[in-house]
Each structure stands twice: as C-alpha cells, then as structure tokens.
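S.K.: with the sequence up front, the predicted model follows.
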There are 2 protein chains.
Amino acid sequence: MTNEAILKALSNVEEPDLGKDLVTLNMVQNVVIDGNNVSFTVVLTTPACPMKDHIQNACINAVKILVNKEANVTVNFTSNTTSNRTDAKTLLSGVKNIIAVVSGKGGVGKSTVSANLALALAADGAKVGLMDADIYGPSQHIMFGVRGERPMMKDNGDGKGLIVPMERFGIKVMSIGLLIDEKQAVVWRGPMVSSAIRQFVSDVDWGELDYLIIDMPPGTGDIHLTIVQTVPVTGVIVVTTPQLVALADAKKGIAMFSQAQLKVPVIGLVENMSYFTPAELPDNKYYLFGKDGGKHLAEEFDIPFLGQIPIVQSIREGGDIGVPIMVSDDVITKKAFENFGHNTVRGIAMRNANLPATEIQEILE
Amino acid sequence: MTNEAILKALSNVEEPDLGKDLVTLNMVQNVVIDGNNVSFTVVLTTPACPMKDHIQNACINAVKILVNKEANVTVNFTSNTTSNRTDAKTLLSGVKNIIAVVSGKGGVGKSTVSANLALALAADGAKVGLMDADIYGPSQHIMFGVRGERPMMKDNGDGKGLIVPMERFGIKVMSIGLLIDEKQAVVWRGPMVSSAIRQFVSDVDWGELDYLIIDMPPGTGDIHLTIVQTVPVTGVIVVTTPQLVALADAKKGIAMFSQAQLKVPVIGLVENMSYFTPAELPDNKYYLFGKDGGKHLAEEFDIPFLGQIPIVQSIREGGDIGVPIMVSDDVITKKAFENFGHNTVRGIAMRNANLPATEIQEILE
C-alpha cells in the first residue's frame, strides 16, 4: 500500500451531491499507512453532512477492492464548511453562510422553522447563529428562553463595544426583542429598521460561524430589500404551508427575491404544517390544509424542495408551550427537521460548488 | 278561557334573550279558543331562533297553570325577522340584516365560515343571501359549485336589467368570481372595487332576505371602509384562529370597525380551527394553535363570543375537497356551525332590540 495507490483508489469515490471524486475535490488529507492499517481524513463540505456513512463505506470498499482486501481502513472525518461569499467581508467576516428564512405571509411558522433549523444544524456539529430580525414580532428570545435578559457587552480593544450574543442549546442567539421594549417594536419604520439591522450585523460578536440564520420579518416589503442589501445573504429559504392563501403569498416572496437586481438565490422551499399526526397514532396523517401544496409550488418554480414538517401533538398538550421541537421529545417532527436541515446544507454546499438550481433540485428529490 | 286570560298568562312568559315578556314584545297573534282547545301563534324574531322549544314549553305551562290545567295548548310559530336599519333603504330594500364577515388576516377560513353560516341559517328556515366581495380571491362560486356559470339577467320593467343571483342549497349566491375573469381580480384598485361593490348591491335582484352575508376581503384597508360606507351593514363578524399572529390582526380589525365615524357594530367573534378532531376519534381534541385564543380576545374587547369551529378530518380525506361542511356528513363541525349560527341570530336580534353589547355578551356565554 502506498499513498499514491490509496489516493488513486479514493479518486473512484464520488461525493454524491457534487458529482466529482473526493481527490479532485481535495477532500482527502493525512493518509497514514502502517502495515495493513491505513487511515485518512475526509474533509466534508459541512459538519452537518448527512452523507458521512455513505462516504465512509465507499472509501473502505474502494481501498479493499482496489488496493488491498486485507486492509484495516479507518476513515476520519473533519469539515471545512464551504462558502461562496464574494463580498469584501467587512461585515460578518467569520460567517461562512448567511441564510435568510422568509415567508410570504405571517402565521406559517417561519420563526419555529428558523429556530429548529438552527438547532438541527448545531446538533450535527455545525457552528450556528440565529439572528431574529422580525421587527414586527420578535420571538426567538421567547423560543430560546432568554426573554427579559440583556446581552453583555465586550470591549474589542479599539474602544468600541461589541454585543455578545446569548447562547442557548449551542446556538448564538440575538433578537430585536432583547434590545428594545416589546411594545415599541411595531412602530419602527424604515430608517430605524435599517440602522437596527446594521447594528445587528456590525456590532454583535458573532465570531466564527458555519451558518448564520436570519429570521426575517414576514411578507414582502421594503424591509426585506433593506436587509438583503445590508447583509451579504447567501440565499433565502421560503417557508409556506399547503394552504392556497399561503402558497399565493409564497409566490410573491419567490418573485421578490428572484429579481435580477437582488441576486439572492432561493436555496429552497420548506412546507410547514404539511399534515397533522397525533403523537399517539404516528401512522395517521391528516392533510388539514391540502396535500403537497408546497411541493408542487417548488416544482412549478424550479426551486429545491427541502422538506415537509408535520404538526405533531399529543392529546395531553395544549399547544403554544414554547419548547423548541429539536430539544423536545417529539421524535416525528425532530426527524422532519433533521431531514430539512440535511437538505438545506446539501443545497448550500452544491450551490457553493456552483451547481445549477435545477440540478440541485433533482439531486435533493 | 278568554282571549284576555290567555294573553295575561302569556305575559308571564319571557323571551329569554330579550328579557321582556311575549305580550309586551307583541309576539303573540291569532289566539283561538274552542272549548278546552286553545291555539295561538308566536312570532319569533328570527326563523333561526334556537329558543323555540323553550318558548313552547313555557307557553303551555303558563296557560295550564294560570288559566286551565285541562287546556290542550297548540303553539304555532312564525317569524318576522327584526331589523334595525335606519338608512333610507334605497339599496337592498328587501334585506333585513346585512352581516359582513371579516378577518384581520387571510387564511383563517373567513370564506368557509361565511358559506357555512349562510347554510346554517338557511337550514333553520331563514331566507339567506351570500355576497362574495373578496375581490382578492373570490371563492364562493367554487364553494357553491357554480364556477364558470354566468348569472341570468332579468328585466325589472323600467328597462334596467337586474342580475339574478345563483341559487344553491337554498342560498342566493353572488360572487365577484362569477362576473370577471379570475386572473383579472387581483389587479383591481380602489375606484373599480367601489363601483363593483355598488353594482353588487344595486344591480343584483336579492329580493326579500332575512340575512345577507357578505364575505369581505381579508385584512383592514381602504376597501373595507369603502364597502361599509357603500352598504348599510348591520354589523360585522370577526373570524380568527387561536394563533397569536391571527389574534393580533383580528385586534386591528376590531379596532377599525369600532372607529366612531364608521358606527359598524361588531356582532361578535368566532374562532375557527379551534382544535383538530380526527373523525374516527371524536372525543380527541388537539389544540394545534393554542387553546381559547379567540375566546380570550372576545373577553378582552367586550364583544360577544359566537363559537368555536373545530377542524375535523377523516384519515381517508386529503383536504381541500370543496364540499361545504353544512352539506357534508361531518356532524361534529355541522353542530359547531349550527351553534355559531344560533348565537349569531340571537346576537343580532338582541342588538335590534337595542340591548347593550356587554349584556349580549353575558347572555350568549
């Protein structure tokens, strides 16, 4: 066994999403050979990569079949989250990917989806931040149980203070709701919103992050344009429910972000409240608001479909309890969010590798 | 037994909602005495009066106890729906009560509630019309299965044609969706909307109606002001779901119609999607969007609470089927709509008798 033979074997292992082999993609490092033992490290495009097991098996098989069937192969994993930021990085310089979660209308669960996406990615080992930019109704400080707390300030050496985000469940969280009185929020207007968002981006110590998730205000208005012009957004995720009225508004959202002058790609669409399942009857799916409305919308607009999130409730619960699903014991919804999270990071990694949207859409199907 | 003795006895029978006796309210007619047989007619304030049985028993008891315990008492019922219209009746002259169904936001089921309220009142024998004024997304022509049909015209003698509303399930239905191309609807703007609504009111042959229900556009905007200034609306019914975001928008709706210059009373609030019940497990209630949010809102604003409408679905159904609940076999939701309909007509009758809102609220509790 030689270093070259191992690399040659691994050049037959394809990264399933990116469609190229691990060696070409420069994903293999630290090949160490000791007798029949060989170990190497695969550098994934994201710590949340759901393809780990698949890649591990393919690597072991390639070495055994092509080099030495007696080999003991150890595949280590590390990750270097990809980024395609092309801005000057004067803002959020340590953040690799900035994901704006939008919805055409309120009430579709945008904030719940943002919070649980952040938690799903963090559970896979990614460094995640969550910025609650919903000035009309900030809720992440409530969801993450830091309501009423005030963030600390930190001196960054040049006399200018930085706001230290709150940390809960491994996520760095900042919410408009932490900085201002809740009743004050609704009366904010254009210029104030713009400066608040700028402050969130420039005066908060986000540090190194694989993903910063922005919980955007609902709707499609000037505020959204302001935010995507202020923040170097990687792409947006559109949240909808299968209701006709929600789908109509989701279309407006897709149309707005698809405007040529904005150049904000749509990473994909996620369908929330897809069906209801009683916790006690996990096989029963009740399509309360129609079936697959979001899925069909994604197909119609040629954007990747990232998943369906059900409503699961036990007969014992009264709703609105305020525990994020990812840290609750609701395994069905947790599984749905994990799947959505995986599709999201895969979609972003493929985008960062410049795959066209239609191809990403097909691969994620 | 004499006419006077019977009337004296019946002056002890109270109309439970209006708090006055039947004789004072001029509700007793055609007393006929023949030996031990006595019959009379009670003129109800609405054909949909849910108090019939109660009033019948009270009348029989009053005659037997106070006049003649051997009497055979026959109580006939008729109705003369009350009205408190104070306008010149140049428009909709045959319509006694005009109910505008509004919602602060879309997607709360305003159109479903309007359709099934109309059906519930008609099932009780009231003459009901349904005007779909939701110019953004007319749906009643779809719900009532008359999509694609065109209403007939009728000559009213003076050379001016009148539009004949469609009739389905005993309801006179007119929808913006019957007159214009569906794709055209969304681009309508202020003045056009205003003239379309005026046409709906002046050029449609609504005839004699106890209740005309108007399915309003969602939201709180100029269009709503235009409609209530064009049409002599008796009062509005606010539809909300228990979701926080829907409640916040419902508040805006209540605030708008409560403006002094509008003088449009809020008949009450109805909570839609209150809980989910699988058709196969009618005792299981899942409070998907929180419990009693609409009820608490009604209490907060001192407006009558008219009912809770559940979501009921069979595991076999896919949603969005388009059969109005009142003509389906969903007995649970049908019962909820009947109850809502009864509270609505009681609330209107009490308003027409000038009872204060807080008293109506207490009586309907």
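M.R.: Sure thing, it's come through.
S.K.: what residues does chain A put near chain B?
M.R.: For chain A, the contact set with chain B under C-beta under 8 Å from any C-beta of the partner chain comprises A:105-107, A:137, A:218, A:241-246, A:248-249, A:276, A:278, A:281, A:284-291, A:311, A:313, A:315, A:317-320. From N, CA and C alone the C-beta is placed, and that goes for glycine too.
S.K.: one more time with 7 Å, if that's ok
M.R.: Taking C-beta under 7 Å from any C-beta of the partner chain as the criterion, chain A approaches chain B at residues A:105-107, A:137, A:243, A:245-246, A:276, A:278, A:284, A:286-291, A:311, A:313, A:315, A:318-320.
S.K.: which parts of the longest helix that chain A contains are buried?
M.R.: For chain A, the longest helix by residue count, based on DSSP state H, is helix A:331-352. For helix A:331-352, a neighbour-count test (16 or more other C-beta atoms under 10 Å in any protein chain shown) marks A:333-334, A:336-352 as buried.
S.K.: assess the claim that A:I99 and A:G235 are in contact.
M.R.: Yes: the pair A:I99 / A:G235 is scored as a contact, 6.5 Å apart, by C-beta atoms under 7 Å.
S.K.: same drill for the two, tell me which one is more crowded.
M.R.: Of the pair A:I99 and A:G235, A:I99 is the one with more neighbours under other C-beta atoms under 10 Å in any protein chain shown, namely 23 against 20.
S.K.: check which helix or strand the more buried one maps to.
M.R.: Take DSSP states H and E as the rule and A:I99 turns out to sit in strand A:95-103.
S.K.: taking helix A:331-352 as reference, get the angle to the next helix or strand along the chain from that strand.
M.R.: Using DSSP H and E, the helix or strand that directly follows strand A:95-103 along the chain is helix A:110-123. Calculated by axes from the mean of the first three to the mean of the last three C-alpha atoms, to 10 degrees, helix A:110-123 forms an angle of 80 degrees with helix A:331-352.
S.K.: what helices or strands is helix A:110-123 leaning on?
M.R.: Secondary-structure packing of helix A:110-123 (3 or more C-beta pairs under 7 Å, 6 or more residues apart in numbering or on different chains; DSSP states H and E): strand A:95-103, strand A:128-132, helix A:140-143, strand A:171-175, strand A:209-215, helix A:331-352.
S.K.: I'd like the next helix or strand past the shortest one.
M.R.: Elements were assigned by DSSP H and E; along the chain past helix A:140-143, the next helix or strand is strand A:153-155.
S.K.: rounded mean pLDDT for that following strand, please.
M.R.: Average pLDDT, strand A:153-155: 87.
S.K.: who does it pair up with?
M.R.: Here strand A:153-155 is paired, per DSSP bridges, with strand A:161-163 (antiparallel).
S.K.: which residues touch the partner strand?
M.R.: Strand A:161-163 is contacted by residues A:151, A:153-156, A:203-205 when judged by C-beta atoms under 7 Å, 6 or more residues apart in numbering or on different chains.
S.K.: how about 10 Å then?
M.R.: A:150-156, A:174, A:178-179, A:199-200, A:202-207 (C-beta atoms under 10 Å, 6 or more residues apart in numbering or on different chains).
S.K.: now stretch A:31-41
M.R.: Outside stretch A:31-41, the residues within contact range by C-beta under 10 Å, 6+ apart are A:1-7, A:9-10, A:22, A:27-30, A:59-60, A:63, A:67-68, A:70-78.
S.K.: report the buried residues of that stretch.
M.R.: A:31, A:33, A:38, A:40-41.
S.K.: a markdown table please, covering the residues you listed and showing secondary structure, pLDDT and distance to A:V228.
M.R.: Below are the buried residues of stretch A:31-41 laid out as a markdown table (DSSP: H, G, I helix; E, B strand; the rest coil; pLDDT from 0 to 100; distance: C-beta to C-beta, whole Å):
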| residue | secondary structure | pLDDT | distance to A:V228 |
| --- | --- | --- | --- |
| A:V31 | strand | 96 | 43 |
| A:I33 | strand | 96 | 49 |
| A:V38 | strand | 97 | 47 |
| A:F40 | strand | 97 | 40 |
| A:T41 | strand | 97 | 37 |
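S.K.: tell me the one of those residues nearest chain B?
M.R.: Proximity of these to chain B was ranked by C-beta to the nearest C-beta; the top entry is A:T41 with 46.2 Å.
S.K.: tell me the bridge partners for the closest one.
M.R.: Beta-bridge partners recorded for A:T41 (DSSP bridges): A:Q29, A:N76.
S.K.: that one and B:Q199, how far apart?
M.R.: To B:Q199, A:T41 is 74 Å away according to C-beta to C-beta, to the nearest Å.
S.K.: likewise for A:V113?
M.R.: Distance from A:V113 to B:Q199, by C-beta to C-beta: 43 Å.
S.K.: how about A:V233?
M.R.: Taking C-beta to C-beta as the measure, A:V233 falls 46 Å from B:Q199.
S.K.: now do A:S328
M.R.: Taken as C-beta to C-beta, the span from A:S328 to B:Q199 is 54 Å.
S.K.: same question for A:N61.
M.R.: Distance from A:N61 to B:Q199, counting by C-beta to C-beta: 74 Å.
S.K.: shaky segments in the stretch 51-200 of chain A?
M.R.: Applying pLDDT under 70 to the stretch 51-200 of chain A flags residues A:181-190.
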